[in-house]
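**Student:** pasting a predicted model and its sequence here:
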Amino acid sequence: MRLNRIIARLVLVLLIAQLLLVFLSWLLSATLTDAVRPLLSSEGIRWFLGQFSVMLLKPQLIWLILLSMAGGCVWRSGIFRPSQLSFRRQSALRVSFLVLMMLITIVALLVMTPQAVLLSSTGLLWPSPFSRALVPILSALAIITSSCYGLLSRTFTSMYDVFESFRIGLQQAVPLLILYLFAVTFYESCLYVFL
């Protein structure tokens, strides 16, 4: 609840800053014609409406969605609740640990072997396909491991429960998604106006 209030205030600040940027860009474009592009001109309105979807499509949006799904799955599976470890849960934890080790081994083989698939063309780890896919890989590891634990320990009774955990994770991330929308819009508008 407290985090949601902080995010709501940040969104309000970003909204006010966006409105001030629109007004400021219009005012500065009247005095400094070449240095500033106004958002209220025909070009600025075309840019804002035409590029709105493109400016929101960033890897960070996908990362936020994947991490929220993984967080919901980990939280709902109960994998980090050691006080409730019955024999079934201990067995599920062991199997999930083996699955996690197997997945980490597969990722390591894709990175550490000669001619590794996830290395860059020069053989470096940073920047490479591995570095660009690190958050999706970690999210997939968390989802697969916690789903395995949840299904084996009967915390999840069906795949519906797994998908429900995704929904709950996404539901918890909605305030962050709204903050992302306003922050990226303001940032991209600043780049358009001043660069």
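**Tutor:** Ah, there it is.
**Student:** low-confidence ranges in the protein?
**Tutor:** In the predicted model, the chain carries pLDDT under 70 at residues 33, 82-84.
**Student:** max-length helix in the chain?
**Tutor:** The single longest helix within the chain, with elements called by DSSP state H, is helix 159-194.
**Student:** which other residues reach stretch 186-195?
**Tutor:** Residues from elsewhere that reach stretch 186-195 (C-beta atoms under 8 Å, 6 or more residues apart in numbering): 14, 17-18, 21-22, 24-25, 36-39, 44, 47-48, 51, 55. Every residue, glycine included, has its C-beta placed from N, CA and C.
**Student:** which among these gets closest to Leu176?
**Tutor:** Leu176 has its nearest neighbour among the contacts of stretch 186-195 in Leu14, at 13.1 Å by C-beta to C-beta.
**Student:** if we can go back for a sec, what comes up buried for the longest helix of the chain?
**Tutor:** Of the residues in helix 159-194, those buried by neighbour count under the rule 16 or more other C-beta atoms under 10 Å are 161-162, 165-166, 168-170, 173, 175-176, 178-180, 182-186, 188-189, 192-193.
**Student:** just stretch 78-94 next, same as before
**Tutor:** Of the residues in stretch 78-94, Gly78, Ile79, Arg89, Ala92, Leu93 count as buried by neighbour count, 16+ other C-beta under 10 Å.
**Student:** so what touches that stretch?
**Tutor:** Outside stretch 78-94, the residues that touch it by C-beta under 8 Å, 6+ apart are Val74, Ser96, Thr145, Ser146, Cys148, Tyr149, Gly150, Leu152, Ser153, Arg154, Thr155.
**Student:** hey, C-alpha coordinates of that stretch in PDB?
**Tutor:** Taking only C-alpha atoms (Å, rounded to 0.1, in the frame of the first residue of the first chain), the coordinates of stretch 78-94 have been written out as PDB:
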ATOM      1  CA  GLY A  78       5.800 -21.200  -1.500                       C
ATOM      2  CA  ILE A  79       9.300 -22.300  -2.400                       C
ATOM      3  CA  PHE A  80      10.800 -19.900   0.200                       C
ATOM      4  CA  ARG A  81       8.600 -20.900   3.100                       C
ATOM      5  CA  PRO A  82      10.900 -23.300   5.000                       C
ATOM      6  CA  SER A  83       8.600 -23.500   8.100                       C
ATOM      7  CA  GLN A  84       6.100 -25.500   6.200                       C
ATOM      8  CA  LEU A  85       8.400 -28.300   4.900                       C
ATOM      9  CA  SER A  86       6.500 -31.600   5.100                       C
ATOM     10  CA  PHE A  87       8.000 -34.700   3.500                       C
ATOM     11  CA  ARG A  88       6.200 -33.900   0.200                       C
ATOM     12  CA  ARG A  89       7.600 -30.300   0.200                       C
ATOM     13  CA  GLN A  90      11.100 -31.500   1.000                       C
ATOM     14  CA  SER A  91      11.000 -34.000  -1.900                       C
ATOM     15  CA  ALA A  92       9.600 -31.300  -4.200                       C
ATOM     16  CA  LEU A  93      12.400 -28.900  -3.000                       C
ATOM     17  CA  ARG A  94      15.000 -31.500  -3.900                       C
END
